[in-house]
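Participant: quick one, structure for this:
(one chain, ligands or ions: 1)
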Amino acid sequence: MTIRVDIRKTLRAGQRTFQLDAQFESANKRVVIYGASGAGKSQMLKAVAGLSRPDSGVIELDGRRLYDSGAGIDVPAQGRRVGYLFQDYALFPHLTVRQNIGFGLQRGWFNPAPRGEPEAVRYWLEAFGLADVAHQRPGELSGGQRQRVALARAIVCEPAALLLDEPFAALDPALRVRMRSELDALQRRLDIPLLLITHDPEDAATFGGHVLTMADGRVAGEGAR
Ligand SMILES: Nc1ncnc2c1ncn2[C@@H]1O[C@H](COP(=O)(O)OP(=O)(O)OP(=O)(O)O)[C@@H](O)[C@H]1O
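Facilitator: Numbering: from 1, shown residues only. A predicted model of the protein is given here:
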């Protein structure tokens with residue numbers, strides 16, 4: 001993956017303003033952006049995903065210009081070909097596991113006939129050990145299963161990159177260790193580029209690759225501190 005981010009955005013809430021002014025580039029398959037809570041990591045990641053529009057700047061992924069304020073380019077989120085894993089997974093509570101995964105494939109795929117299940121959904125249900133719970137809803141799953149469903153939903157459309165917002169924060173410590181190593185193995189197996197934001201130094205240690213630090217809205221340096 002080659003990624004180049006050079007964006008600015010002012011966020012206002014009441015009297016308070018937050019200035020995002022993030023610049024970095026990397027050619028690594030694994031990019032970890034490490035920083036304290038409130039550093040601006042989620043805002044930066046959302047801008048890359050197309051879920052939040054910067055005030056100005058440029059975002060490039062594998063040579064594709066996803067956003068360029070000067071040139072008037074702003075590729076919609078669906079067209080960016082990135083898989084996004086939200087901090088709280090953002091699963092649809094009323095949809096089953098297989099419907100949640102299928103949602104990543106095709107918006108509006110709610111009630112397919114059993115035989116109409118896309119091959120990719122079947123594949124990821126098996127690959128993530130979710131086949132037995134495919135008919136259950138997120139509220140009926142364990143934390144690790146929920147995380148796998150969210151990952152499967154992000155991966156099912158074969159994205160050019162996986163964007164992960166604190167992927168292990170919602171898990172208890174033992175599960176966090178296990179899921180971290182599962183994701184590590186998955187990334188190696190699929191060879192999918194990954195941009196992960198975290199405030200946990202263990203994530204930076206596990207995923208290595210190119211580690212950058214973010215503070216006060218800026219990418220302040222190389223390496224986790
Ligand atoms: N919609 C918004 N309007 C105004 N300010 C916002 C908005 N969303 C976030 N902020 C502010 O922007 C700053 C950066 O938030 P962001 O969520 O990017 O931090 P973060 O580094 O991801 O933190 P965490 O690790 O806690 O998720 C924070 O000070 C936050 O209060």
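Participant: all helices for the protein, in order.
Facilitator: Under the criterion DSSP state H, the chain contains helices at 41-49, 97-105, 119-127, 143-155, 173-190, 201-207.
Participant: out of those helices, nearest to the ligand?
Facilitator: Shortest distance between the ligand and the helices of the chain, using CB to the nearest ligand atom, is found for helix 41-49: 3.2 Å. For glycine as for every other residue, the C-beta is placed from the backbone atoms N, C-alpha and C.
Participant: which secondary structure elements does the closest one contact?
Facilitator: In this structure, helix 41-49 makes packing contacts with strand 3-13, strand 16-26, strand 30-34, strand 56-61, strand 82-85, strand 161-165, strand 194-198, judged by 3 or more CB pairs under 8 Å, 6 or more residues apart in numbering; DSSP states H and E.
Participant: now these as CSV including distance to Val219 and mean neighbour count?
Facilitator: Below are those laid out as CSV (distance: least, CB to CB, whole Å; neighbours: other CB atoms under 10 Å):
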stretch, distance to Val219, mean neighbour count
strand 3-13, 8, 16
strand 16-26, 4, 16
strand 30-34, 7, 24
strand 56-61, 13, 19
strand 82-85, 19, 23
strand 161-165, 15, 23
strand 194-198, 11, 25
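Participant: among the ones you listed, which is nearest Arg137?
Facilitator: Arg137 lies closest, by CB to CB, to one member of the helices and strands packed on helix 41-49: strand 82-85, at 18.9 Å.
Participant: in space, what's closest to Val219 - neighbours in sequence excluded?
Facilitator: Distances taken as CB to CB, 6 or more residues apart in numbering place Phe24 nearest to Val219, at 4.4 Å, with adjacent residues excluded.
Participant: wait, the one you found sits on Val211?
Facilitator: No - under the criterion of CB atoms under 8 Å, Phe24 makes no contact with Val211, lying 11.0 Å away.
Participant: who touches both of those two?
Facilitator: Ile33 (CB atoms under 8 Å, 6 or more residues apart in numbering).
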